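S.K.: Got a predicted structure plus its sequence, pasted below:
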Amino acid sequence: MKHIIAIVGVASLFFAEPSAAQIDLKGLIKGKVQSTVEESVSEGVDKTVDKAKEGVANIFMKKGRNPSDSASASKMKGSEKTNVDAVEPGPQVGSGLKSYSKYDFVPGDQILFYEDFSQDAIGDFPALWTTDGNGEVRTLDIGADAVHWLYMAQPGSVYCCTKAVGFPKNFIFEFDIAPDENFQSEIELCLYEDPEGMEINDDLYPGRAGLQIQMNEEAWNTKGYHADSDMEWLEAHSSANPCKPNEVNHVIIWVQGRRVRIYHLGAKVLDSPTNIFSDVKFNRIRFSSSGSECRPFITGIKVTTAAPDTRSKLLTEGKLVSYGILFDTDKAEMKPESYGTVSDVAKVLQDNPEVRIRIVGHTDGDGDEKHNLDLSKRRAEAVKKALTGQFGIDGARIETDGKGEDEPVASNDTSEGKAKNRRVELIRL
C-alpha cells in the first residue's frame, strides 16, 4: 500500500528558486526576502508543459497507472470512482453574502487547530512543520488577514505538520493557497491516520489510511485509501471552480463521516458521499507539490468542529459561540463565507418569533485596546444588519455589544489562541 515518492527530474537538473518576476502572483509579493534556502540554478533545460505533465504522472503513478487521470482511474480493478462534475458551480464573482448562498456548511464552536505562521520569523522554516525539501516563511502583500505564508520552495517535496490533531468524525478544514504560474502540476493536501506518530512521511499514501485532495488549475481529484482494504481507493473528481494560479484561493473542505464536500469561489464544487473508508481516524496534515516547477504559498490553516446544533445552543443552552462569522483584519464587513452561519441563525429566529438575542463581538489582543473595543461593536452591528436586511429579522429582537479583547477564552500569545478569541457570541435574552 505504501509507495515512496520518487523525486522526478532531468539529469543534472536542480530546482532553482524563482525570482519575484517568475512568481508574479499579480504583484502580491511585498518584497523578496533574503532566502535561507540553498537552491542551485538550472540552465539550458527545456522545461516544456509536456515534460511537466510527465513529471506529475510519474510521481502519482501507482501500479503503472496515473490515478489522477479520470480515464485510466475509472478502469482500475477494485477501485470506486465518483464523477461529480455535475455539481452546480454557482457564482464566480461577488463579495456579498447572497453570492455565497450555496455555502451550506456551518463551522462549529471549537477551533481544533490553527496555523498562520505569524509566530515564525520571515526567512525561517516554521517551527511546527518539517520537510524533506526546502521552504521558508515569507510575506505577501494581499491587504487581508494573511501576512505570513509558508513558501513550499521545492517541488516534489512534502511539508508535514509535526503536531498531531485529534480530528473528530465531522470537521471543517480551511486554508488559503496561492499557486504560482506553474500550476499545471498537482498540489496535494493529505489528511491521514498515522498511529506511529511519524513527523515526516514521504510515502505516496502515508500512514494507515487517509484522504488525498489533489488540485490544479483544471480540476479537483480526491482519493480515500486504506492499507488494510482490498479496494485500492475511493475516488471523486470535479472540474468546477478550480483553483487559480497567481491568485489567493480560499479552500474549504467539509468532512462528515465518509462524506467529503469541497467549497471554492462561492460554491460547492465537489460532493462525494463515500470518499473515506469507514474506520479512519485522521490525526496528521501534510501538503506536497509535485511535477514541474510549481512552488505554492499556503497559510490560514484552520480545523474546526462542524455544524453545531444552532437551535439547541440558542434555545436550550442560551448561548452560541461562532467561529463561522468571519471578518478581514481590522474590518467590520463580513466575509461572504459567513453565509452558512448567519443563515442558520436566521432560520432559528424565523422559526421562533418570540426569541430575542444579543450579538457580542470579541477580538484578539493585537492592537490598541480602545480600537479593538470599537471594532468588536461594529462587527456585532454588521451581523445584525445582515440578519435584518437580508433575512428579514425584526431589528427590535436584536441587541448588539462588543467586548473587544477584554474576555479572552485562550492565550493571546499563540496564533491558535488568538483565533479562538476572535469570535462572535449570540446570547438569548
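M.R.: It's in. Numbering: from 1, shown residues only.

S.K.: Go through stretch 161-172 and flag the buried ones.
M.R.: Buried positions in stretch 161-172, judged by neighbour count with 16 or more other Cβ atoms under 10 Å: Cys161, Phe167, Phe171, Ile172. Quick note: C-beta positions are derived from backbone N, CA and C, even for glycine.

S.K.: Please report how far the residue lying closest to Pro195 once chain neighbours are set aside lies from Glu196.
M.R.: Sequence neighbours aside, Arg208 is the residue nearest to Pro195 in space, at 6.0 Å (criterion: Cβ to Cβ, 6 or more residues apart in numbering). According to Cβ to Cβ, to the nearest Å, Arg208 and Glu196 sit 9 Å apart.

S.K.: Pick out whichever of these two has more residues nearby.
M.R.: Neighbours per residue (other Cβ atoms under 10 Å) separate Arg208 from Glu196, with Arg208 holding more: 20 against 7.

S.K.: Please look at Trp254 and Ile172 and confirm they touch.
M.R.: Yes - under the criterion of Cβ atoms under 8 Å, Trp254 makes contact with Ile172 at 5.3 Å.

S.K.: wouldn't Met152 be in contact with Glu293 here?
M.R.: No - the pair Met152 / Glu293 is not scored as a contact, 11.7 Å apart, by Cβ under 8 Å.

S.K.: show me where pLDDT drops low in the chain?
M.R.: 1-96, 99, 142-146, 291-292 (pLDDT under 70).

S.K.: So what are the structural domains in it, by residue number?
M.R.: The chain is divided into the following domains under automatic domain parsing: 20-306, 310-428.

S.K.: what's the burial count for Asp104?
M.R.: Neighbour count for Asp104, taken as other Cβ under 10 Å: 14.

S.K.: In this protein, where's the longest helix?
M.R.: Across the chain, the longest stretch assigned as helix under DSSP state H is helix 369-389.

S.K.: Just name whatever secondary elements that helix is in contact with.
M.R.: On a contact count with 3 or more Cβ pairs under 8 Å, 6 or more residues apart in numbering; DSSP states H and E, helix 369-389 meets helix 339-351, strand 357-362, strand 398-404, strand 423-428.

S.K.: Quick check: which of these is buried the most?
M.R.: Of all these, strand 357-362 carries the top mean neighbour count, a mean of 23, counting by mean count of other Cβ atoms under 10 Å.

S.K.: could you check the angle helix 369-389 makes with that one?
M.R.: If you take axes from the mean of the first three to the mean of the last three Cα atoms, to 10 degrees, strand 357-362 sits at 140 degrees to helix 369-389.

S.K.: neighbours around the residue nearest to Glu196 when sequence neighbours are not counted, how many?
M.R.: Closest residue in space to Glu196, ignoring its immediate chain neighbours: Gly207 at 7.9 Å, by Cβ to Cβ, 6+ apart. By the measure other Cβ under 10 Å, the count of residues near Gly207 is 26.

S.K.: quick one: contacts for Gly207?
M.R.: Tyr192, Glu193, Asp194, Pro195, Glu196, Met198, Asn201, Ala227, Arg284 (Cβ atoms under 8 Å, 6 or more residues apart in numbering).

S.K.: Lys319: neighbour count?
M.R.: Around Lys319 there are 14 residues (other Cβ under 10 Å).

S.K.: separation between it and Thr341?
M.R.: Distance from Lys319 to Thr341, by Cβ to Cβ: 15 Å.

S.K.: so where do the strands sit in the stretch 151-300 of the chain?
M.R.: Applying DSSP state E, counting those that start in this stretch to the stretch 151-300 of the chain gives strands spanning 158-161, 170-178, 187-193, 209-215, 220-226, 234-238, 249-256, 259-264, 267-272, 284-289, 297-306.

S.K.: Distance to Pro336 for those strands - can I get that in TSV?
M.R.: What follows is the strands of the stretch 151-300 of the chain, written out as TSV (distance: least, Cβ to Cβ, whole Å):
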stretch	distance to Pro336
strand 158-161	28
strand 170-178	14
strand 187-193	22
strand 209-215	21
strand 220-226	20
strand 234-238	21
strand 249-256	10
strand 259-264	11
strand 267-272	11
strand 284-289	25
strand 297-306	16
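
S.K.: and Lys102, which of those is closest to it?
M.R.: strand 267-272 (4.7 Å; Cβ to Cβ).

S.K.: Would you list the strands that the closest one pairs with, along with their directions?
M.R.: strand 259-264 (antiparallel) (DSSP bridges).

S.K.: now the partner strand: how far from the chain's centre is it?
M.R.: Here the centre of strand 259-264 is set off from its chain's centre by 11 Å, with Cα atoms, centre = their mean, to the nearest Å.

S.K.: can you dump the C-alpha coordinates of that strand into PDB?
M.R.: Output of strand 259-264 as PDB, limited to C-alpha atoms (Å, rounded to 0.1, in the frame of the first residue of the first chain):
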ATOM      1  CA  ARG A 259     -18.700  12.200   3.000                       C
ATOM      2  CA  VAL A 260     -16.400  14.900   1.500                       C
ATOM      3  CA  ARG A 261     -17.500  18.300   0.200                       C
ATOM      4  CA  ILE A 262     -15.200  21.000  -1.200                       C
ATOM      5  CA  TYR A 263     -16.100  24.700  -1.500                       C
ATOM      6  CA  HIS A 264     -14.400  27.300  -3.600                       C
END
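
S.K.: Tell me the buried residues in it?
M.R.: Those would be Val260, Arg261, Ile262, Tyr263, His264, for strand 259-264 by 16+ other Cβ under 10 Å.

S.K.: check contacts around the last one.
M.R.: If I follow you right, that is His264. Asn241, Pro242, Cys243, Asn249, His250, Val251, Ile252.

S.K.: Redo the residues you listed as JSON lines? Include distance to Glu399.
M.R.: Shown next, in JSON lines, are the contacts of His264 (distance: Cβ to Cβ, whole Å):
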{"residue": "Asn241", "distance to Glu399": "38"}
{"residue": "Pro242", "distance to Glu399": "43"}
{"residue": "Cys243", "distance to Glu399": "41"}
{"residue": "Asn249", "distance to Glu399": "37"}
{"residue": "His250", "distance to Glu399": "31"}
{"residue": "Val251", "distance to Glu399": "36"}
{"residue": "Ile252", "distance to Glu399": "31"}
